[in-house]
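[1] predicted structure and sequence below. I'll ask about it afterward.
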Amino acid sequence: MYDGTIKSDGTLARPRLLEPLLSLDPGGVGLVYGPRGSGRTTVIRQWLDKSGLHAVWVDSTTQVSRSTRDSIAPDVIVVDYDDVAVDVAVESRRAWPRARLVVMTGIGWPAGLRVAGVRPDAVVAGRTLRFTRAEVQEWAAQHGVELSDREATGILDATAGYPAFIDTVIQVLAERGRYDPSALAEGCDRAASDMSAAASAGGAHWSMWETLLLTGHAGELATSALDVMSGRDSYSPYSVRAMQDAELLIVGARPDTVGFPPAIRAAMRRRFSADLTSDRQMELVRAAMGAMRDRGLLADAIAVADGDRFRTALFELLGEEWLRLDDVPAGMIRDLFAQVRDEEVSAELWIVRARALIDTAQRDRATPVAPRDRQLAQRFLDRAESRLDKTADSASPQLSVSSESRADESRTMIAVLRAVEDRSAGRHEEAEARLRHCLANPPASDPANALLHIHAGLSVAAADRPEEALAMFAEAVAAATVGGAPRLAALAADCEELIQWTVDDPGLWWRHIGATRNVLPERGSAISRTLQFVRALHSLDVDALRQLLSESSLVIDDPVAVALIEMEARVIAHQALQRPKVALQEIDLAEIALRGHPLSVAEQYLIILARAELLLDEGDPHGALALLDAAPPREDPINDALSRARVLLGLGRFEDVIAQLPATLEPVAGERGRFAVLAHLILALAHAGLGDQETSDRCIEVAIVTGARNRIVWPYVRVGSEGLRYVLDRAAGLTLDAASIAHLAHLETVWETLYALDAPVDLSDRELVVLERLANGESVRRVAVELHVSPNTVKTQLRTLYRKLGVSNRADAIRTARLRGLLVGKPQEESDLPTV
């Protein structure tokens, strides 16, 4: 329990907050920083009481004249910087240079004092001002109420330990004489009322109070939206920042959002209605919605318009921005329409509702989409078409161009979403036909055009036409960027990079020459997750692969082609991490999920390729070859040729590998970096199998140089542990340039991380002791003295140790032992860590 005591002024003594100020020497400077209601004045008064120091409180009325300087000699000058100009603080400092200067502020350290060369020596700020659980329990106990750990924690979670609210909650508990959950609401209402009264009396700026009320009303806002809203006057930004620094605005349920803790939020919402007239509420809400809309923060604009009295403003916003609502979480859109009558919903908003159910471009859309939601989306689209038809039938001959254009955009969006449903059901030709019809008459709106090209690109990618898909995605990036839809631009760019990986290496240096795109990375979508897998595989970032595999499971949903690319990436990752059984489970799950689902040729091939690769690694090359022989033909044969060459290599058919593989590579010579690396590795092993060491070495050199030039890693592990070990051993004897030598060293680390470290090592107790002493920097002679043996005995043990670890010197032995977890004492230096 906390051992504080109630002070004579009715506050709880909190010694931990006084320690920084008690350390101040004469002439020292202190800072007490926090928002109003954080207990900053109480801290200063308790410090003065404990230290017995005499203080002068400087406010806006203080004038530091000569007579004032001569008549008093304070120990402490307390400056409330929220109410005092910086020159008064500086003048006070000059008048009494030996006095301790304590600045109490809600805006951080004043820039004027920094310019004057005054800086704090001691700070009480931010989250340290919040109550702890022990302090809540002690404060309640001294008011006659015993709180359990759970009850005290509940109060803290509901208020974030905000002192002003904790104080009034404890007051209510004391009045009731026991713990009562309803005391939270009443106590928080009292604190909000006190703050309102202070703002009304000029203790705080009323505009700042309105900002806090609006923040509570909105619930959760993105930090950027909070900045927009607090920028409506010169005082609010400081108050909001002080609350953020003190962690009194907590992380919200939506990513990158913050808001008041639950009980304070509820009190602020009630106060919003109590303190502001209906007209003022509407004025504030509309202004905030407009400012957020102008900055593309539509989810936050919707959050601000919460409540039936703002429904008109909300639906005006939705109607105006219906093509830009992809960045609004799908769940939020579904909730918006939960209590809305069908006749209130326009054609455009029926489309918005359908997108929230089935469009992969919609933020946080549920995956996989439930059959009921797919049916519901089609009903929504039917109603949108019906509404459009009725409008067209009743329209006057003078129908405006803008209304006509809007109707055309609506029909295009309906067609796009119908195509999405066709594609998800495996009706690829129907989906592509719909989208091509739309492309022939593209919508005038750039965001609509971007969405059209994204889905057209996904459909032609599923049809195994990657080059055409890339052109579609590039067009989508341009349209979304011009149309002010950064999230769609980012999504299209992710699609483009993902499909580019299937045909080439986006990391090749020449791809970045003249690049001018500036789009935000998309996060959370299936496309983004798949791209993260592919990037981690490209560099063979083992830690990233392990994290991605542990954080997510394979979900088969539209677009299926992207899901199957992720499946293939996951299978390769599991293989690289020596998890063949888990890789097989990934394939089985995908096939079960797709049972009865018509697949395009490209989608079929992705499953066949993944299973063939796994059969090969599991020692069944004949089964792998049978699968590849049964695969449907593709326009681009390079993937099939490489997989087939790996299988033929496993069967010992070296002549067939050498006869078939070069002809497949010739059309793409100098382009596809990772394919060239893998092909030359396979050829090197095939020539070695025939005893042609010279040609094998030349192939190894090409593979190493090509990989080094393009920073490519993962193809090397596709030839397995023994194959990679052979390549590395032979490459060590080649004459290579500096970049290739560095690349070779990196590949050695890759091999150790993936393969060498999995082999069991049986070290004796004595060998472990010798290893630990070496890791501590001790010499052989010193180790011999400590173990009471001769130096020659230690050297013999070292040779055995090196052999077991597969190394040849002390540094490699220590590094390998640390990687294996054999050394648990001294932490690993950053330079020793593997970079894969």
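    That came through, no problem.
[2] contacts and neighbour counts: CA atoms only from here.
    Noted.
[3] so where's the stretch 401-550 of the chain uncertain?
    401-403, 504-524 (pLDDT under 70).
[4] ok, P371 to P329 distance?
    20 Å (CA to CA, to the nearest Å).
[5] likewise for A164?
    As for A164, its distance to P329 is 34 Å (criterion: CA to CA).
[6] so the two - more neighbours on which side?
    Legend: neighbour count by other CA atoms under 10 Å for A164 and P329, higher for A164 (21 against 17).
[7] now do the contacts for the more buried one.
    For A164, the contacting residues are G37, S38, G39, A191, by CA atoms under 8 Å, 6 or more residues apart in numbering.
[8] any idea which element it lies in?
    Secondary structure from DSSP states H and E places A164 in helix 163-176.
[9] how about L452?
    Going by DSSP H and E, L452 is part of helix 446-462.
[10] would you tell me what the next helix or strand after the lowest-mean-pLDDT helix or strand in the chain is?
    Using mean pLDDT, DSSP states H and E, the weakest-scoring helix or strand in the chain turns out to be helix 66-71, at a mean of 66. Where DSSP H and E defines the elements, the next helix or strand beyond helix 66-71 is strand 76-80.
[11] mind listing the strands in this structure by residue range?
    With DSSP state E as the criterion, the chain has strands at 29-33, 55-58, 76-80, 100-105, 122-125, 221-222, 250-251, 257-259.
[12] contacts for the last one?
    Applying CA under 8 Å, 6+ apart, the external contacts of strand 257-259 come out as T215, G216, G219, E220, L221, A222, T223, L249, I250, V251, G252, R265.
[13] how far away is the second one from D306?
    As defined by CA to CA, G216 lies at a distance of 11 Å from D306.
[14] who has more neighbours out of the two?
    With neighbours defined as other CA under 10 Å, G216 and D306 compare such that G216 has more, 25 against 16.
[15] hey, C-alpha coordinates of the helix holding A164 in CSV?
    Output of helix 163-176 as CSV, limited to C-alpha atoms (Å, rounded to 0.1, in the frame of the first residue of the first chain):
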residue,chain,number,x,y,z
PRO,A,163,-6.0,13.8,-11.1
ALA,A,164,-9.0,16.1,-11.5
PHE,A,165,-11.3,13.2,-12.3
ILE,A,166,-9.7,10.8,-9.8
ASP,A,167,-10.3,13.4,-7.1
THR,A,168,-14.0,13.9,-7.8
VAL,A,169,-14.6,10.1,-8.2
ILE,A,170,-13.1,9.6,-4.7
GLN,A,171,-15.3,12.3,-3.4
VAL,A,172,-18.4,10.5,-4.6
LEU,A,173,-17.1,7.2,-3.3
ALA,A,174,-16.6,8.8,0.1
GLU,A,175,-20.1,10.2,0.1
ARG,A,176,-21.5,6.7,-0.6
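[16] quick one: mean pLDDT over stretch 322-330.
    Taken as a whole, stretch 322-330 has an average pLDDT of 92.
[17] a markdown table for the contacts of strand 257-259, including distance to D364 and pLDDT?
    Output for the contacts of strand 257-259, formatted as a markdown table (distance: CA to CA, whole Å; pLDDT from 0 to 100):
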| residue | distance to D364 | pLDDT |
| --- | --- | --- |
| T215 | 24 | 91 |
| G216 | 24 | 92 |
| G219 | 19 | 88 |
| E220 | 17 | 88 |
| L221 | 17 | 89 |
| A222 | 16 | 87 |
| T223 | 19 | 84 |
| L249 | 24 | 80 |
| I250 | 21 | 76 |
| V251 | 18 | 73 |
| G252 | 15 | 72 |
| R265 | 25 | 93 |
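[18] go through those and name the one nearest V769.
    V251 (48.3 Å; CA to CA).
[19] give me the neighbour count for the closest one.
    Residues near V251, counting by other CA under 10 Å, number 19.
[20] and the spatially closest residue to it that is not a sequence neighbour, what's its pLDDT?
    Nearest residue to V251 in three dimensions, chain neighbours excluded: V258, at 4.4 Å (CA to CA, 6 or more residues apart in numbering). For V258, the pLDDT comes out at 85.
[21] same deal with G37?
    85.
[22] how near is the closest residue to it other than its chain neighbours to A563?
    Using CA to CA, 6+ apart and skipping the chain neighbours, the partner closest in space to G37 is A164 (4.8 Å). Separation of A164 from A563 (CA to CA) stands at 51 Å.
[23] with P35 instead?
    In terms of CA to CA, P35 sits 48 Å off from A563.
[24] which of those two has more neighbours?
    Taking neighbours as other CA under 10 Å, P35 and A563 compare with P35 leading, 26 against 21.
[25] for the more buried one, phi and psi?
    phi -70, psi 170 (degrees, to the nearest 10).
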